[in-house]
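In: Pasting the sequence and the predicted coordinates here, then a few questions.
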Amino acid sequence: MITSTAPLLDVRELTVTINREGGLVTALDKVSFSINPGEVLGIVGESGAGKSITGAAIIDLLVPPLKRTGGTITLAGTRLDQLSPKAMRSVRGGRIGFVFQDPMTSLNPVITIGQQLCDTIQAHLKLSGSQAKKKALDWLDRVGLPNPDVQFKRYPHQLSGGMRQRMVIALALCADPMLVIADEPTTALDVSVQAHILELLRDLHRESNVSMMLITHDLGVIAKMADRVAVLYAGRVAEISPVGELFNAPKHPYTRGLIRATPMPSATGEMRLDQIPGAMPGLGAVPPGCAFNPRCFKAQSDCRATIPPLYHAESSAFSCFHPLERVTA
Amino acid sequence: MSASDFLILNHVSKVYRRNQSLLERLKKGEAGGTRAVSDVSLTVRHGETMGLVGESGCGKSTLARLVSGLMAPTSGEINFPPNAAGNKPRLQMIFQDPYSSLNGRWTIEDIIAEPIRVHKLRQGRAAIRARVDELLVQVGLSAADAEKYPQEFSGGQRQRICIARALAGEPEFLILDEPTSALDVSVQAQILNLLRDLQKNLHLTSLFITHNLSVVRIMADRIGVMYLGELVEEATSEELFRKPRHPYTRLLIDAAPDMDTSDRSLHPIAGELPNPAFPPSGCRFHTRCPFAQDICRNTVPPQKTTETGGMFRCHFDLDLSNASVFPPPAKVKTA
């Protein structure tokens, strides 16, 4: 893909395997994508598609037996995959911030939230104690916690789910990162709170122009937040497209299947629900050829024989031998 | 009460009592508690699917437990008017998590055969096995699956087994508590289509509980919206989405992000869900309602009925059919 600016994050042929008794199982199979400065890249897929593994692999937080076995990860000219564990530590939370799904387990329950913020700030920025505290209070205010002075001394259990997630977002952003990886940031929250958190992420993104990788299974969240979208299926990239194109003219049959299977009212208010037959293959059970071929209505013999490469069209890329034609309405 | 009424809830409340200290018990004072379900009146008619939606803590699952008889209401009545034969209807439940609701040490045959044995619906091993096979095929699995154990199946297949088990009891009434929340989108669509077909073919009456408005819109004939233990609105599915009468319903419909990429605005509901143990005075929604006035803070809104047979609890007759009537919510600093 030709872009005017160099991408901030460039991931090439990222491969992650699981060492199981009896051999290696591929969890992530040559995944390539890039994120431009200031861009929000959505990563969407069903559970087991490798969305979270992609996020964890970038910051080297894979839990054994998961292991990165190939590919390159370049962040603003630095090869992250070649960094020492010690150097990687300073990247995590420093140049790359991370927002996890469950705000309760990503905060330390026995340390006040103010102290957690100060610790993170001082670990990555050269600031004195009082400067760090000032910055921490500033961040509590920016993420919308009322009365920062009072909140500073509170513990995670004293906050509601939405407020905890605001706190996690503050932690991810307080060291002025270049990239934020948000892994299902609103999945554990109620609908009314979800919209608040998405709005906060969007506001902070506009203010700081940080790049963002938004991992979610919710196509509604993708439609509202992402600039470009990568669709993952069974550990491979099915399609990468600008968000408008993805929803209006999907290339990969799986993308269209996913959109049509989501219960959503159409513009005319009628409800439709088209299911995709079968289920996504589990780890180690990926069929030969295109991983989607047993469920695909366009599958032909070449789909069953060869893994389709990622074809690059104007603004999008897709891995399918028989992409969907643009439907002219 | 008409002949078509299947289930009638009459001012049902459920209070979860707080543990009292010794001193409080000696004083014999009124124990405080969380009013999980508060004064809910509802009628489900024969052959209809009643949907219940709300956010976490609104009391929708408590209501399911009350209806199923797993818990007794603190006050109010739950009535199944007896049918022509004078029997109470048989009832089955389908739960959210297909991983914890199946016994991993039982084969699928044992699991599905249990309701048949308990209710003595078939006699003899062969007849029971034949019925199990029939049910498995009905939910889209194969008869050969009867020999397997739950852990050999994926989440979607497990939920099919749960559905087969529920149908094995030959229920007239089905309670579905978030049956697809644990499933992926493409599998969720399969299960919803299966449930829709079964409901049509078996003429089941059901109570469908979910937090997802789009799911309930597909599945239910009528929908009740709950907020902090109260039923704030109830209407036919079409009416509720076309012309919601309660501000909370309107806000809830708008809050879920849709897939329209041309309009990327988000519509959060101002403020935060109050603690259900200490609900606000007056109208429970007044702390977050953009239309709230003094009367809402002090007076509990009356139940009003609409000309189409719906119900809503609001002091005002607002026209909420169009999303754009909303004043932009003030920037309140809460999550």
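Out: Noted; the coordinates are in hand.

In: now the helices for chain A?
Out: Secondary structure of chain A, counting by DSSP state H: helices at A:51-58, A:85-91, A:113-124, A:129-142, A:148-152, A:161-173, A:191-208, A:219-225, A:243-248, A:253-261, A:301-305.

In: Adding distance to chain B, mean neighbour count and mean pLDDT, write those helices out as a markdown table.
Out: Quick note: C-beta positions are derived from backbone N, CA and C, even for glycine. Shown next, in a markdown table, are the helices of chain A (distance: least, Cβ to the nearest Cβ, whole Å; neighbours: other Cβ atoms under 10 Å in any protein chain shown; pLDDT from 0 to 100):
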| stretch | distance to chain B | mean neighbour count | mean pLDDT |
| --- | --- | --- | --- |
| helix A:51-58 | 12 | 23 | 90 |
| helix A:85-91 | 29 | 13 | 89 |
| helix A:113-124 | 13 | 20 | 92 |
| helix A:129-142 | 8 | 17 | 91 |
| helix A:148-152 | 10 | 15 | 90 |
| helix A:161-173 | 3 | 25 | 90 |
| helix A:191-208 | 4 | 20 | 89 |
| helix A:219-225 | 4 | 24 | 92 |
| helix A:243-248 | 5 | 20 | 91 |
| helix A:253-261 | 4 | 23 | 90 |
| helix A:301-305 | 18 | 14 | 90 |
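
In: Export those to a markdown table and append columns for distance to B:Ser321.
Out: Compiled in a markdown table, the helices of chain A are given as follows (distance: least, Cβ to Cβ, whole Å):
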| stretch | distance to B:Ser321 |
| --- | --- |
| helix A:51-58 | 38 |
| helix A:85-91 | 52 |
| helix A:113-124 | 43 |
| helix A:129-142 | 37 |
| helix A:148-152 | 40 |
| helix A:161-173 | 29 |
| helix A:191-208 | 21 |
| helix A:219-225 | 22 |
| helix A:243-248 | 26 |
| helix A:253-261 | 27 |
| helix A:301-305 | 47 |
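
In: interface residues of the stretch 201-335 of chain B facing chain A?
Out: Applying Cβ under 8 Å from any Cβ of the partner chain, we find that the stretch 201-335 of chain B lies next to chain A at B:211-215, B:217-218, B:241-242, B:251-252, B:255-262, B:264-269, B:272-273, B:288, B:333-335.

In: go again using 7 Å as the cut-off
Out: B:211, B:214-215, B:217-218, B:252, B:255-261, B:264, B:266-269, B:272-273, B:333-335 (Cβ under 7 Å from any Cβ of the partner chain).

In: Buried ones from those, can you make that a ChimeraX selection?
Out: Buried subset of those, written as a ChimeraX selection, criterion 16 or more other Cβ atoms under 10 Å in any protein chain shown:
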select /B:211,214,215,217,218,252,255,256,257,258,259,261,266,267,268,269,272,273,334,335
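
In: Show me the shaky parts of the stretch 51-200 of chain B.
Out: B:83-86 (pLDDT under 70).

In: What ranges does it have for its strands?
Out: B:75-79, B:91-94, B:173-177 (DSSP state E, counting those that start in this stretch).

In: Which strands or helices does the last one pack on?
Out: Of the remaining helices and strands, those touching strand B:173-177 by 3 or more Cβ pairs under 7 Å, 6 or more residues apart in numbering or on different chains; DSSP states H and E are helix B:60-68, strand B:91-94, strand B:205-210.

In: Send over it as PDB, restricted to the C-alpha atoms.
Out: Extracted C-alpha coordinates of strand B:173-177, given in PDB (Å, rounded to 0.1, in the frame of the first residue of the first chain):
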ATOM      1  CA  PHE B 173     -43.400 -21.900  28.600                       C
ATOM      2  CA  LEU B 174     -39.800 -21.100  28.000                       C
ATOM      3  CA  ILE B 175     -37.600 -18.600  30.000                       C
ATOM      4  CA  LEU B 176     -34.500 -17.600  28.100                       C
ATOM      5  CA  ASP B 177     -32.000 -15.600  30.100                       C
END
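
In: tally of neighbours for B:Ala144?
Out: Burial of B:Ala144 is recorded as 10 neighbouring residues (other Cβ atoms under 10 Å in any protein chain shown).

In: in terms of contact, does A:Ile96 touch A:Pro177 like I think?
Out: Yes. Counting by Cβ atoms under 7 Å, A:Ile96 touches A:Pro177, with 5.5 Å between them.

In: In the chain, which residue is most central in space?
Out: Since no chain was named, I'll use chain A. For chain A, the residue nearest the mean C-alpha position is A:Ile215 (2.6 Å; Cα atoms, centre = their mean).

In: Please refer instead to chain B.
Out: For chain B, B:Ile209 is the residue whose C-alpha lies nearest the centre (Cα atoms, centre = their mean; 2.1 Å).

In: Can you show me the helices along the stretch 51-200 of chain B?
Out: B:60-68, B:108-118, B:125-138, B:155-168, B:185-202 (DSSP state H, counting those that start in this stretch).

In: Name all residues that make contact with A:Ile169.
Out: A:Val99, A:Val143, A:Leu200, A:Leu201 (Cβ atoms under 7 Å, 6 or more residues apart in numbering or on different chains).

In: wait, doesn't the third one sit right on A:Met167?
Out: Translated: A:Leu200. No. With contacts counted by Cβ under 7 Å, A:Leu200 stays clear of A:Met167, the gap being 11.3 Å.

In: Quick check: the residue of the stretch 1-150 of chain A nearest chain B.
Out: For the stretch 1-150 of chain A, the residue closest to chain B is A:Glu46, as judged by Cβ to the nearest Cβ, at 3.9 Å.

In: Not counting sequence-adjacent ones, nearest residue to that residue?
Out: B:Asp184 (3.9 Å; Cβ to Cβ, 6 or more residues apart in numbering or on different chains).

In: now do B:Pro98
Out: That would be B:Arg158: by Cβ to Cβ, 6+ apart, it lies 3.5 Å from B:Pro98.

In: Now do that neighbour against B:Met259, distance only.
Out: 28 Å (Cβ to Cβ, to the nearest Å).

In: Next: B:Gln151.
Out: From B:Gln151 to B:Met259 the distance is 35 Å (Cβ to Cβ).

In: again, but for B:Leu318
Out: 28 Å.

In: contacting residues around the nearest residue to B:Glu147 once chain neighbours are set aside?
Out: Closest residue to B:Glu147 apart from its sequence neighbours, by Cβ to Cβ, 6+ apart: B:Thr107 at 6.0 Å. Counting by Cβ under 7 Å, 6+ apart, B:Thr107 touches B:Ala146, B:Glu147, B:Lys148, B:Tyr149.

In: Could you give the backbone dihedrals for B:Thr107?
Out: Backbone torsions of B:Thr107, given as degrees, to the nearest 10, read phi -70, psi 160.

In: for stretch B:283-293, how far is the first residue from the last?
Out: This stretch, stretch B:283-293, spans 10 Å end to end (Cα to Cα, to the nearest Å).

In: Would you mind pulling the contact partners of that stretch?
Out: B:227-228, B:230, B:232, B:247-248, B:269-271, B:274, B:280, B:296-297, B:300-301, B:316, B:318, B:326-327, B:329.

In: Among the residues you listed, which lie within strands?
Out: Counting by DSSP state E, the contacts of stretch B:283-293 place B:Tyr227, B:Glu230, B:Val232 in strands.

In: Mark which of these are buried, thanks.
Out: B:Tyr227, B:Glu230, B:Val232.

In: follow-up on the earlier one: which of the helices and strands packed on strand B:173-177 sits most buried?
Out: For the helices and strands packed on strand B:173-177, the largest average neighbour count (mean count of other Cβ atoms under 10 Å in any protein chain shown) is found in strand B:205-210, namely a mean of 25.

In: what are the pairing partners of that one, and which direction each?
Out: Using DSSP bridges, the strands paired with strand B:205-210 are strand B:49-53 (parallel), strand B:173-177 (parallel).

In: between the ones you listed, which gets nearest to B:Gly140?
Out: Across the strands paired with strand B:205-210, B:Gly140 has its closest neighbour in strand B:173-177 (17.0 Å, Cβ to Cβ).
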